[in-house]
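>>> Give me a model of this one.
(2 chains)
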Protein chains: 2
Amino acid sequence: MSDEADIRAGEVAVALPETFDAGLYFIGRIRTPWKRREDCPKNARESEAVCTIEVEQRWVAGLVDVDNCSHLLILYWMHQARRDLVQQVPRHYGRPRGTFALRSPVRPNPIAASVVRLLGIEGARLSVIGLDCLDGTPLVDLKPYFASTDAVGEAVVGWHTEKQAH
Amino acid sequence: MSDEADIRAGEVAVALPETFDAGLYFIGRIRTPWKRREDCPKNARESEAVCTIEVEQRWVAGLVDVDNCSHLLILYWMHQARRDLVQQVPRHYGRPRGTFALRSPVRPNPIAASVVRLLGIEGARLSVIGLDCLDGTPLVDLKPYFASTDAVGEAVVGWHTEKQAH
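Purely as a prediction, here's the structure:
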């Protein structure tokens, strides 16, 4: 995965640290209709597909009260992504940008964060709308989404706004 | 930290898996005015304190273009939290709730997600408003916040709304 050959012109890689600082447990899997990266929607709002979050039996008791949340923040592990690029050239943007200015899965800790609408829960399985990841993606966390602290309607990403204006 | 004695009546612990499934790099530290857990604001909107995110030198080149984001999604590691509770009794709520219905730092993967307003960047240091964590908290990720996919103003957390109505 961290092959030099995968780097596009203008991308910058760094040496990764020799050790990890903390460990994650995968607490479930995400089931989606997308089996290959190129099939995934470009972002989650592009698709109304219903996806399924399967929580491991060990953690199912943690789902109590989740059913009265309209939306959840889902953290998941982008297991196919390399971790050493600090500047990268997204396919559709054409010039290098800092990794932390992008939502690309390629980042030192490939954890994605997506807001989903919860349709329902049956046992260990949640039906949701709003994911764009590969089938089988490991689940890292589920959190209630609070509009009071998580929703900032006026937020602006300058480079993205400029691009859309052209 | 995972001492039985820390469990309140009604809380439920599970046995943690024997191995981790993935590793995290801490990519920096968060500087805040709060040195003890009991000093931290109850949530980030309660404080207008300016906090500083210090990114490690290795990753600084990843900050290019971040300066034109008005808001960022910050992921950080709640390093003082136990990880084995699936049901817990938050201090102010009085009855057990599922871990995944709470934003408590106590969860299998103690990664917090906070939306911050970016005031400015100087080299490796970002000045932001909107954090509520301990001074020295390890940084896991920075992402641009996109209102189009991250902001859901109408989201509701039922148990919380009911509580406020009483």
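
>>> I'd say residue A:28 and residue A:52 touch.
No: between residue A:28 and residue A:52 there is no contact under CB atoms under 8 Å: 9.9 Å. (Each C-beta comes from the backbone N, C-alpha and C, glycine too.)

>>> what's the average pLDDT for the longest strand anywhere in chain A?
As assigned by DSSP state E, the longest strand anywhere in chain A is strand A:111-122. Taken as a whole, strand A:111-122 has a mean pLDDT of 97.

>>> got it, and stretch A:27-44?
What stretch A:27-44 shows for mean pLDDT is 88.

>>> got the CA coordinates for it in PDB?
Only the C-alpha atoms of stretch A:27-44 are listed here, as PDB (Å, rounded to 0.1, in the frame of the first residue of the first chain):
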ATOM      1  CA  ILE A  27     -16.500  -2.900  17.100                       C
ATOM      2  CA  GLY A  28     -18.400  -4.100  14.100                       C
ATOM      3  CA  ARG A  29     -18.600  -3.900  10.300                       C
ATOM      4  CA  ILE A  30     -20.400  -1.700   7.800                       C
ATOM      5  CA  ARG A  31     -22.400  -3.300   5.000                       C
ATOM      6  CA  THR A  32     -22.800  -1.200   1.900                       C
ATOM      7  CA  PRO A  33     -23.700  -1.900  -1.800                       C
ATOM      8  CA  TRP A  34     -20.100  -1.000  -2.800                       C
ATOM      9  CA  LYS A  35     -17.500  -3.700  -3.300                       C
ATOM     10  CA  ARG A  36     -14.800  -1.700  -5.000                       C
ATOM     11  CA  ARG A  37     -13.400   1.800  -4.300                       C
ATOM     12  CA  GLU A  38     -14.400   3.100  -7.700                       C
ATOM     13  CA  ASP A  39     -18.000   2.200  -7.100                       C
ATOM     14  CA  CYS A  40     -18.300   4.300  -3.900                       C
ATOM     15  CA  PRO A  41     -20.200   7.500  -4.200                       C
ATOM     16  CA  LYS A  42     -18.000  10.600  -4.200                       C
ATOM     17  CA  ASN A  43     -19.600  11.800  -1.000                       C
ATOM     18  CA  ALA A  44     -22.300  10.500   1.200                       C
END
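
>>> Just the buried residues of it, please?
Of all the residues in stretch A:27-44, those buried under the rule 16 or more other CB atoms under 10 Å in any protein chain shown are A:27-32, A:34, A:40-41, A:44.

>>> And stretch A:102-119, by the same measure?
So, applying 16+ other CB under 10 Å, buried residues of stretch A:102-119: A:102-118.

>>> Chain B next: which of those are close?
Among these, the ones lying near chain B by CB under 8 Å from any CB of the partner chain are A:102-103, A:107-109, A:111, A:113-115, A:117.

>>> where do the strands sit along chain A?
Under the criterion DSSP E, chain A contains strands at A:12-13, A:22-24, A:28-31, A:50-55, A:71-77, A:85-88, A:97-98, A:111-122, A:125-129, A:137-144.

>>> How about residues contacting stretch A:48-64?
Outside of stretch A:48-64, the residues within contact range by CB atoms under 8 Å, 6 or more residues apart in numbering or on different chains are A:26-33, A:41, A:74, A:116, A:119, A:121, A:123-131, A:139, A:142, B:12, B:14-15, B:17, B:86-87, B:96-101, B:107-108.

>>> Show me what counts as buried in that stretch.
A:50-53, A:55, A:58-64.

>>> gap between the residue nearest in space to the middle of chain A and residue B:161?
Centroid-nearest residue in chain A: residue A:112, 2.5 Å away (criterion: CA atoms, centre = their mean). According to CB to CB, to the nearest Å, residue A:112 and residue B:161 sit 28 Å apart.

>>> Now for the closest residue in space to residue A:103 that isn't next to it in sequence, how many residues are close by?
Once flanking residues are discounted, residue A:103 sits nearest to residue B:143: 5.8 Å by CB to CB, 6 or more residues apart in numbering or on different chains. Neighbour count of residue B:143, defined by other CB atoms under 10 Å in any protein chain shown: 23.

>>> Run through chain A and note the low-pLDDT ranges.
Filtered on pLDDT under 70, chain A yields the residue ranges A:1-5, A:44, A:163-166.

>>> same thing but 80
For chain A, residues meeting the criterion pLDDT under 80 lie at A:1-6, A:42-46, A:91-93, A:161-166.

>>> so the residue nearest to residue A:103 makes contact with residue B:66?
No: taking contacts as CB under 8 Å, residue B:143 lies outside contact range of residue B:66: 9.5 Å.

>>> overlap in contacts of these two?
Contact criterion CB under 8 Å, 6+ apart; residues shared by residue B:143 and residue B:66: A:100, B:72.

>>> Report the contact partners of residue A:103.
A:43, A:112, B:143-144, B:146.

>>> so can I have TSV of these showing distance to residue A:6?
TSV is the format used below for the contacts of residue A:103 (distance: CB to CB, whole Å):
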residue	distance to residue A:6
A:43	22
A:112	19
B:143	22
B:144	23
B:146	26
